[in-house]
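1. Got a predicted structure plus its sequence, pasted below:
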Amino acid sequence: MIEPYETALDDIPGAHPYPRTSRYHDVEIGVHRTADGTEVRYAKRRLLPKLPEHADEHVVNAGERPDHLGQRYFGDPGQWWRIADANPVLDPAELTAEPGRAIDVPSPGGFDV
Amino acid sequence: MSEVPIGSGPVHLSLHMGPKLTRPVPGEVAQALLSAQITSTAGERSGFQLAFDLTKKGRIVDRLLPEGFFDPKTRVILALAIKGTPSVILDGLIVRNEVGASNQPGQSTLTVTGEDLTLLLDLEERTDRYPNLAPSQRVERILGKYADYGIDSRIIREQVHQPPREELRVDYQSSTDLQYVNDLARANGYTFYLDPGPRPGRSTAYWGPEQRLGQRQHALTVNSDAHSTVDQLTFAYDGTAREQPEARVQDPATRRVTLLPDPDIGPLRPPLARRESPALKRKPLSGTAKMDPERARAQALARAATSADAISGSGSLDVNRHGYVLRPRELVGVRGAGVTYDGDYYVKSVTHNLRVGSYQQNFTLSREGLVARSDTVRP
């Protein structure tokens, strides 16, 4: 139970610093206290979602970049990180570095139930 | 929209159905979906209506309908992805279905109507007593019973602290859980609603004040040529909507009646406008003489706060043009409507109208006065 307006700003939807389109939207926000007492807020480590069980395959063409795939499959080039999450890679450029590689594209809803 | 091939448009819809645990619907059902209409309102339950194309000898008519796939109390979850960003807009139960068979080919439809999961709270009338429990603790105990449908609760303690005294009175429930929770919300100036998401199958029951703080949604723009995102927007100022309640309490020992001071609604409803609308009506509350002073004070505060919204707006927008889904029960900025009606509003209700190739939203806004508080809104 929440006391009225005790931690109001922390609990209100939209008061989160990251927008809904961001991969950091669901990340927990931590507070670090420095030696002189100032508080610094930071995003805690993001855990990758479960790998999709049913994913479409995309065969990489020469000259493609992750943002091209985001535009092609989701209609927004900023959403390339969903594809990088589904093929766990450390460097997103690795996804499309090698033409002919088949990569998984998650469903646009982002939910696999 | 028509030149975008199926599967790569900006809006993706996924439908899950099942008795209690849901699964994605078969491909035939998803393809037969003609239109969906979902209404969500602050303080009231949400409803939905889905229309399916009913082909003769199709799988819906031959197998799924007789097997009870669309029977009442089947759970329906509808999730949307706008440009890859997912959101759940409906988690509900089917209440009725209608089959309209027609002589014209392709005109037979199956219409499914239902309500959101608060219907579960409204199915059984029960009597229960709550000795020594404050209103928010009673709500917590009631909502705890529905956790197996994935309902979490977010309960905010009442604004006017009402210490329960068992030796004086014991509160008693003699209605459905939903009615009782709604009555408790109304007595404290709060709202109760169910917010689906963030993942399919989960939802949050919220019991607390209308959330009039925090970051605004992307602004609604009218009358600004190419920058307009809203088709039309109508505002109304109802002078008689706001009333000032008068509560009198009687001291049982001395029989003396005292008039409670006018409550300050600021903490419950942070003002959104610069010029507050005046309360034209004064109304004595009945039945407050018997109450404890705290309960009478909460009642007066609730009446003053819930009647404060004299300005209401309504309109419609096209999601593809706006670029974002307007969410109900949050704040949004309005620009282009003139000095009096620009500024921040609370989104009271939103109706989603989805059909193949179009996504329209109708919405209503409200606030308590005229003229924006700040010079800018979030674009």
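-> Sure, I can see it.

2. in what helix or strand does residue 36 lie?
-> Chain wasn't specified; assuming chain A. Counting by DSSP states H and E, there is no helix or strand that carries residue A:36.

3. Please refer instead to chain B.
-> Residue B:36 belongs to strand B:33-41, assigned by DSSP H and E.

4. so, in contact with chain A or not, that strand?
-> No: for strand B:33-41, no contact with chain A is found by Cβ under 8 Å from any Cβ of the partner chain; the gap never falls below 14.0 Å. All C-beta spots, glycine's among them, are computed from the backbone N, C-alpha and C.

5. gap between residue B:51 and residue B:293?
-> Spatial separation of residue B:51 from residue B:293 under the definition Cβ to Cβ, to the nearest Å is 53 Å.

6. check contacts around the spatially most central residue of chain A.
-> A centroid search over chain A (Cα atoms, centre = their mean) returns residue A:23, at 2.4 Å, as the residue closest to the centre. Taking Cβ atoms under 8 Å, 6 or more residues apart in numbering or on different chains as the contact definition, residue A:23 lies against A:46, A:81-82, A:85.

7. For it, what is the enclosing helix or strand?
-> Assignment of secondary structure by DSSP H and E places residue A:23 within no helix or strand.

8. got a pLDDT number for residue 13?
-> Since no chain was named, I'll use chain A. According to the model's per-residue confidence, residue A:13 sits at a pLDDT of 50.

9. right idea, wrong chain: chain B
-> At residue B:13 the predicted local confidence, pLDDT, stands at 86.

10. Show me which positions of stretch A:86-95 end up buried.
-> Neighbour-count burial for stretch A:86-95, counted by 16 or more other Cβ atoms under 10 Å in any protein chain shown, picks out A:86-87, A:92, A:95.

11. Quickly name whichever of those residues is closest to residue B:360.
-> Out of those, the one with the shortest distance to residue B:360 is residue A:86. That distance is 31.9 Å, counting by Cβ to Cβ.

12. That closest one and residue B:378: what is the separation?
-> To residue B:378, residue A:86 is 32 Å away according to Cβ to Cβ.

13. how about the helices in the stretch 251-379 of chain B?
-> For the stretch 251-379 of chain B, the helices identified by DSSP state H, counting those that start in this stretch occupy B:293-306, B:319-322, in order along the chain.

14. What is the shortest one packed up against?
-> In other words, helix B:319-322. With contacts defined as 3 or more Cβ pairs under 8 Å, 6 or more residues apart in numbering or on different chains; DSSP states H and E, helix B:319-322 has these neighbours: strand B:358-367.

15. what's the average pLDDT for the strand it packs on?
-> Mean pLDDT, strand B:358-367: 93.

16. next one: stretch B:343-351
-> In this model, stretch B:343-351 has an average pLDDT of 94.

17. Is there proximity between it and chain A?
-> No: using Cβ under 8 Å from any Cβ, no contact is recorded between stretch B:343-351 and chain A, whose separation bottoms out at 11.6 Å.

18. which residues touch the nearest residue to residue B:243 once chain neighbours are set aside?
-> Counting by Cβ to Cβ, 6 or more residues apart in numbering or on different chains, residue B:281 is the residue found nearest to residue B:243 once chain neighbours are left out, at 4.0 Å. Contacts were defined as Cβ under 8 Å, 6+ apart; by that measure residue B:281 touches B:240, B:242-244.

19. Same question for residue A:83.
-> For residue A:83, the contacting residues are A:66, A:69-70, A:73, A:95, A:103-106, by Cβ under 8 Å, 6+ apart.

20. Intersect the residues you listed with the contacts of chain B.
-> Within the set of those, contact with chain B (Cβ under 8 Å from any Cβ) is found for A:70, A:73.

21. Switch the contacts of residue A:83 over to TSV, and while doing so, append pLDDT and distance to residue B:226 to every line.
-> What follows is the contacts of residue A:83, written out as TSV (pLDDT from 0 to 100; distance: Cβ to Cβ, whole Å):
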residue	pLDDT	distance to residue B:226
A:66	92	31
A:69	89	30
A:70	88	26
A:73	85	28
A:95	90	36
A:103	91	38
A:104	89	39
A:105	88	34
A:106	85	34
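
22. before we move on, back to that, need the contact partners of the strand holding residue B:36.
-> Under Cβ under 8 Å, 6+ apart, the answer for strand B:33-41 is B:13, B:15, B:46-53, B:78, B:89-90, B:109, B:116, B:193, B:328-329, B:348-356.

23. Relative to that strand, what are the paired strands and their orientations?
-> strand B:47-53 (antiparallel), strand B:343-355 (antiparallel) (DSSP bridges).

24. Would you work out how far apart the start and end of stretch B:45-57 are?
-> Here the two ends of stretch B:45-57 are set 36 Å apart, with distance taken as Cα to Cα, to the nearest Å.

25. buried ones in it?
-> By neighbour count, with 16+ other Cβ under 10 Å as the criterion, the buried positions of stretch B:45-57 are B:45-48, B:50-52, B:54.

26. Stretch B:367-379 now?
-> Buried positions in stretch B:367-379, judged by neighbour count with 16+ other Cβ under 10 Å: B:367-370, B:372, B:377.

27. Let's have these in CSV, adding distance to chain A.
-> Compiled in CSV, the buried residues of stretch B:367-379 are given as follows (distance: Cβ to the nearest Cβ, whole Å):
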residue, distance to chain A
B:367, 17
B:368, 18
B:369, 21
B:370, 25
B:372, 19
B:377, 14
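
28. of all those, which comes closest to residue B:157?
-> residue B:368 (23.6 Å).

29. Need the phi and psi values for the closest one.
-> Main-chain dihedrals, residue B:368, degrees, to the nearest 10: phi -100, psi -10.

30. tell me the contacts of it?
-> Contact analysis of residue B:368 by Cβ under 8 Å, 6+ apart lists B:242, B:269, B:271-273, B:276-277, B:308-311.

31. Residue B:334: which of the helices of the stretch 251-379 of chain B is closest?
-> Across the helices of the stretch 251-379 of chain B, residue B:334 has its closest neighbour in helix B:319-322 (12.8 Å, Cβ to Cβ).

32. Any buried residues in that closest one, and which?
-> Buried positions in helix B:319-322, judged by neighbour count with 16+ other Cβ under 10 Å: B:319, B:322.

33. Rounded mean pLDDT for that helix, please.
-> In this model, helix B:319-322 has an average pLDDT of 85.

34. Then stretch B:247-262?
-> Stretch B:247-262 shows a mean pLDDT of 90 in the predicted model.

35. So which residues of the stretch 101-250 of chain B form strands?
-> Counting by DSSP state E, counting those that start in this stretch, the segments of the stretch 101-250 of chain B that form strands are B:109-116, B:128-130, B:151-155, B:171-173, B:191-196, B:203-208, B:217-221, B:230-237, B:243-246, B:248-250.

36. Give me the buried positions along the first one.
-> Residues of strand B:109-116 classed as buried by neighbour count (16+ other Cβ under 10 Å): B:109-116.

37. again, but for the second one
-> By neighbour count, with 16+ other Cβ under 10 Å as the criterion, the buried positions of strand B:128-130 are residue B:130.

38. Tell me the helices and strands packed up against it.
-> Packing partners of strand B:128-130 (3+ Cβ pairs under 8 Å, 6+ apart): helix B:135-143, strand B:171-173.

39. now for the ones you listed, which one comes closest to chain A?
-> Taking Cβ to the nearest Cβ, helix B:135-143 is the member of those nearest to chain A, at 6.0 Å.

40. and the direction of the closest one versus that of strand B:203-208, what angle?
-> For helix B:135-143 against strand B:203-208, the angle by axes from the mean of the first three to the mean of the last three Cα atoms, to 10 degrees is 160 degrees.

41. Residues contacting helix B:135-143, please?
-> Contacts of helix B:135-143 from elsewhere in the structure, counted by Cβ under 8 Å, 6+ apart, are A:1, B:121, B:130, B:133, B:151, B:153, B:155-158, B:162, B:171, B:177, B:180-181, B:184-185, B:187-188, B:192, B:205, B:207.
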